[in-house]
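Colleague: Fold the following, please.
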Amino acid sequence: MNPEDLNRLYDAHAAGLVGYLRSFGAQEADARDLLQEVFVKLACLQGVTMLNEKAYLYRLAHNLALNWLRRHRSKARLEEQLQWQSASSDSSEVRTPSRDDATLIQREVRAALQQLPQEQRAVLQLKWHEELSFEQIAQVQAVSRNTAASRHRHALEKLRTLLRPLYEELT
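Modeller: This next block holds a predicted model:
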C-alpha cells in the first residue's frame, strides 16, 4: 500500500481504532501499539482491494486485539478477581452519586460497561462511537448480522439493569 493511502487511512481512522482497541481492555499504550501493528500489516499489503476500508481496518484491529487478549487473559482474570474482591469489601463505603456529581456518574457508567462481556462492549463501541452498521460490525467481528444486533440488544439490557439504581437515585 502506498504511503499516501496509509496517511489518509490513519488520519481518518486512527482515533476510532484506538477507542475500539481500548474496548478490549487495552490501556492507551497497548492500544497505540496495536494500532501500529494494524498499519504495519496494512503497509505490507500488496494488491489487496478493500471494498469497505473502514470495515477492513476494524476487522484487522479486531483480529490483533483478540490475539493480544489471548496473551493477556491470565493477567486480566487476576485483575478481575482483585477488582471484585475490592468492590465486595468496599461495598459499605460506596457513595451513591448525587445529581451534581458528574464524575461519579461517569465512573458508574464506565464500571457498568466493564461488567459487560467483551463481545458486547466491542459492539457498543463500534455502534456508538464508530457509527458502524450492524452489517459492518458483523464483518468486523466475523459473525452474522443477527449476532451483532443481538449482542447490542443484550448489552443494552444489561446496562439498563446495572444502571437502574443510579437512574432511580437521580429521578
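Colleague: Spit out the contact partners of Asp5.
Modeller: Going by Cβ atoms under 8 Å, 6 or more residues apart in numbering, Asp5 touches no other residue. C-beta coordinates here come from the backbone N, C-alpha and C atoms, glycine included.
Colleague: just Asp11 next, same as before
Modeller: By Cβ under 8 Å, 6+ apart, Asp11 lies in contact with nothing.
Colleague: Quick check: phi and psi on it?
Modeller: For Asp11, the backbone dihedrals (degrees, to the nearest 10) come out as phi -60, psi -40.
Colleague: Same question for Pro117.
Modeller: According to degrees, to the nearest 10, Pro117 has phi -60, psi 150.
Colleague: Quick one: mean pLDDT for the longest helix along the chain?
Modeller: Using DSSP state H, we find that the single longest helix of the chain is helix 145-170. The pLDDT scores in helix 145-170 average 89.
Colleague: Tell me the spacing between the spatially most central residue of the chain and Leu6.
Modeller: Central residue of the chain (Cα atoms, centre = their mean): Ser23, 2.2 Å from the mean position. To Leu6, Ser23 is 24 Å away according to Cβ to Cβ, to the nearest Å.
Colleague: Which neighbouring elements make contact with the longest helix of the chain?
Modeller: helix 102-114, helix 118-124, helix 134-141 (3 or more Cβ pairs under 8 Å, 6 or more residues apart in numbering; DSSP states H and E).
Colleague: What angle do helix 134-141 and that helix make with each other?
Modeller: For helix 145-170 against helix 134-141, the angle by axes from the mean of the first three to the mean of the last three Cα atoms, to 10 degrees is 100 degrees.
Colleague: got the angle between helix 145-170 and helix 102-114?
Modeller: Calculated by the same axes, to 10 degrees, helix 145-170 forms an angle of 150 degrees with helix 102-114.
Colleague: How far off centre is helix 145-170?
Modeller: With Cα atoms, centre = their mean, to the nearest Å as the basis, helix 145-170 stands 15 Å off its chain's centre.
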